[in-house]
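**Q** would you be able to build a 3D model of this:
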Amino acid sequence: MSTGQEEKIINILLVEDNPADVEILKRALKISNCKHLLKVINDGDDALKFIAELESDNSQKDIFQPQFIILDLNLPKVSGFGILKAIKINSKIYSVPVMMLTSSDADADIEKSYRLGASRFITKPVNPQEFTSLVSEIGKYCY
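**A** Numbering: from 1, shown residues only. As a prediction, this is how the structure comes out:
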């Protein structure tokens, strides 16, 4: 029996170079019951190219349009800060929530992330209790 309401599916862009962390995020998304489509980009240069493609007038209508971005801070080629700056000046995605997810817990990194427009800063989980917190934070953006 249908209620007439479609389930919301959110497009999530994950910019992360560590395959193990990508798997952790995939598991967190599954546990959070977040209905999603996931696009994974593994380095900063490719992320910048994707963001530029979104901005271009020549981009295809069916290109993946992120509604939530999970961004690692320490990436090859271009840092998460550089990508965050590019997101926040892009007319198509500047308002998309960005969660910084990183192994850093340095106050300077946290402050800079928020100053550049991050919605949330989460230190990558190292134990099961922290993983539950990550699942909860992701879930907030999915409903």
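
**Q** helix or strand for Leu29, which one?
**A** helix 19-31 (DSSP states H and E).

**Q** just the helices in this protein please.
**A** 19-31, 44-55, 80-88, 107-115, 128-142 (DSSP state H).

**Q** please identify the most buried of those helices.
**A** Here the criterion is mean neighbour count by mean count of other CB atoms under 10 Å, and of the helices of the chain the winner is helix 80-88, at a mean of 21. For every residue, glycine as well, the C-beta is placed using N, CA and C.

**Q** could you check the angle helix 44-55 makes with it?
**A** 0 degrees (axes from the mean of the first three to the mean of the last three CA atoms, to 10 degrees).

**Q** turn the helices of the chain into CSV, columns for mean pLDDT and distance to Leu71.
**A** Below are these laid out as CSV (pLDDT from 0 to 100; distance: least, CB to CB, whole Å):
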stretch, mean pLDDT, distance to Leu71
helix 19-31, 86, 11
helix 44-55, 92, 8
helix 80-88, 97, 5
helix 107-115, 96, 9
helix 128-142, 75, 13
